[in-house]
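1. got a predicted structure here, sequence first:
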Amino acid sequence: MRNLTGLVFIVTLTVVLYSAAQPRESASVAPPKSELVAIRDAALSDDYAYRQVAHLADNIGPRPVGSAQAQAAVEYVAGELRQLGLEVQLEEVRVPHWIRGVETAELVEYPGQVPATHQKIVLTALGGSAPTSASGLTAEVVVVKSFEELKALGRGKVAGKIVLFNVVFDKQKASNGMAGEAYGEAVEYRAIGGRAAAELGAAACLVRSVGGADYRLPHTGWSLPAGIPAGAVTSEDAGLMARLASQGKVRMHLTLTSETGPDVVSYNVIGDLKGTEHPEQVVVVSGHLDSWDLGTGAIDDAAGVAVAMETAHLVRRLELHPKRTLRVIAWMDEENGGRGHDAYVKDHAAELENHVAAIESDLGAAHPLGFQAKINPDALPLLQPVQEVLQSFGANVIRLTTHSPGSDIAPLAKAGVPAFGVMQDIRTYFDYHHTAADTLDKIVPQELRENAAAVAVLADALANLPAPLPR
């Protein structure tokens, strides 16, 4: 009996010592991969995000900053997040109230013109445009392909004229997976072309629409206010004017009465699902709520808002309890100046050290490939479980970048917060972006589910890591 008692004591001691050495479920232990798998699988069979996109795009419609529809979207998203049990705050943002007016144009003089005829030009005003008079203006069109070409003309050949930047969107790059690069090359003319033309005394500035759609669809967007009318013409009409101008004088009658009214009060929608162990540490999941007014803003960016909302929905549905706070943000004014993210960083300046990560979705809702990430490379091994779980549908790429992977999280990234942007297949995104074709039918439900799965898995992993990612 004595020997047996000693043996029992030794075995018992061994079990105790072994058990003490094993990891326990605590703040120092990440959740099992099975939790990430459960989130992924739930997201891939859930329609919550699609229902949210449908309501924002179809029922509320276009949400230009400062509009009644933008305010309705704020109230709707806030109400939905409250239903999920999140602590919701509406954080004030003063935004411009841009009002689209009359926008018409026609060529009234051009080589080979048939007497008593004009040619209609399809265009749209750009945000930041100064209005023409109600009766419009008539001036000669000067066509250039670059800022250097404009500068070479000089004030004498530009003053009093309408400058057209005929910069072609590189569709070959876009079709080969470099749509972002193609957009970046062309969009600077929309952004600052008006300012460059105004400095040489131009009466107005037009740009060739920035995108790949050849269906006579004009593409709107933000332009740096320059004190002159600014608009975007379709690619077909830009080509027409360039060809005619190479033959002789082209004159246009242009009416753009859009204007920016006094600033109004709007809101970022902030919804917190408080962490169980580190509620002061925050993982941001976000998209922007405002849109341009030509379409209904389904891919830009009701989809991003809905994907962020889906993260909270899945955590609630699966009865999970993240250690850190998940913060859903529906940003306001991404499209017309970025005042929403500026206000957020100002209001939360003292808390940025406790923002452990920020995720943004703002490139549509096509199949996700993974994430672009502005993070410390030492963080990559910690994200391997995320990549393994997302590999099943090909969303496991994490591509390091030196710039912010999203415009609304850019101030957070600048402050050192690890930043992630969903990397979607955007080969056709700029066919619809900022046009009347940005509508719900462009959303493929299963691809939206994949986006929701990718974001929710990453967010949950970040909210439960043993320690925040290294900065």
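-> Arrived safely.

2. could you say which helix or strand holds Arg427?
-> Taking DSSP states H and E as the definition, Arg427 sits outside all helices and strands.

3. what about it, how many neighbours?
-> Look at Arg427: counted by other C-beta atoms under 10 Å, it has 17 neighbours. All C-beta atoms are positioned from the backbone trio N, CA, C, and that covers glycine.

4. distance check, the closest residue to Thr255 other than its chain neighbours against Glu106.
-> Nearest non-adjacent residue to Thr255, counting by C-beta to C-beta, 6 or more residues apart in numbering: Gly136, 3.4 Å away. Distance, Gly136 to Glu106, using C-beta to C-beta, to the nearest Å: 10 Å.

5. residue ranges for the helices of the stretch 251-400 of the chain, please.
-> With DSSP state H, counting those that start in this stretch, the ranges of helices along the stretch 251-400 of the chain come out as 303-317, 339-347, 384-390.

6. list the helices and strands the longest one packs on?
-> Spelled out, that is helix 303-317. When contacts are defined as 3 or more C-beta pairs under 8 Å, 6 or more residues apart in numbering; DSSP states H and E, helix 303-317 sits against helix 33-43, helix 48-54, helix 68-83, strand 259-273, strand 278-288, strand 324-331, helix 445-464.

7. centre of the chain to it, how far?
-> Per C-alpha atoms, centre = their mean, to the nearest Å, the displacement of helix 303-317 from the mean C-alpha position of its chain is 16 Å.

8. same question, stretch 373-389
-> Distance of stretch 373-389 from its chain centroid, counting by C-alpha atoms, centre = their mean, is 22 Å.

9. between Gly136 and Glu106, who's got more neighbours?
-> Neighbour tally, Gly136 and Glu106, criterion other C-beta under 10 Å: the higher count belongs to Gly136, 19 against 16.

10. what about Pro32, how many residues close to it?
-> Around Pro32 there are 12 other residues, counting by other C-beta under 10 Å.

11. what do you get for Asn376?
-> Applying other C-beta under 10 Å, I find that Asn376 has 13 neighbouring residues.

12. grab the nearest non-local neighbour of it.
-> Asn376 sits nearest to Pro470 (C-beta to C-beta, 6+ apart), 4.6 Å away.

13. wait, the one you found sits on Leu380?
-> No. If you go by C-beta atoms under 8 Å, Pro470 and Leu380 don't touch, sitting 10.3 Å apart.

14. and the helices and strands packed on helix 303-317 as TSV, adding mean neighbour count and mean pLDDT?
-> As requested, these are exported to TSV (neighbours: other C-beta atoms under 10 Å; pLDDT from 0 to 100):
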stretch	mean neighbour count	mean pLDDT
helix 33-43	19	97
helix 48-54	21	98
helix 68-83	18	98
strand 259-273	19	95
strand 278-288	24	98
strand 324-331	27	98
helix 445-464	25	98
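
15. those into a markdown table, with extra columns for distance to Tyr189?
-> Formatted as a markdown table, the helices and strands packed on helix 303-317 follow (distance: least, C-beta to C-beta, whole Å):
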| stretch | distance to Tyr189 |
| --- | --- |
| helix 33-43 | 39 |
| helix 48-54 | 31 |
| helix 68-83 | 27 |
| strand 259-273 | 21 |
| strand 278-288 | 23 |
| strand 324-331 | 26 |
| helix 445-464 | 30 |
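
16. point me to the helix or strand that includes Ala139.
-> Using DSSP H and E, Ala139 falls within strand 137-144.

17. one step back: doesn't the residue nearest to Asn376 fall inside a helix?
-> No. Going by DSSP: H, G, I helix; E, B strand; the rest coil, the assignment for Pro470 is coil, not a helix.

18. what's the burial count for it?
-> 11.

19. quick check: it vs Ala379, distance?
-> For Pro470 relative to Ala379 (C-beta to C-beta), the value is 6 Å.

20. what of Gly112?
-> Gly112 is 63 Å from Ala379, where distance means C-beta to C-beta.

21. same check, this time on Ala38
-> 24 Å.

22. also His118?
-> Separation of His118 from Ala379 (C-beta to C-beta) stands at 60 Å.

23. neighbour count for those two, which is higher?
-> Shown here are His118 and Ala379; by other C-beta under 10 Å, Ala379 has more neighbours (19 against 15).

24. settle this for me: the more buried one is touching Ala419, isn't it.
-> No. In this structure Ala379 lies outside contact range of Ala419 using C-beta under 8 Å: 11.4 Å.
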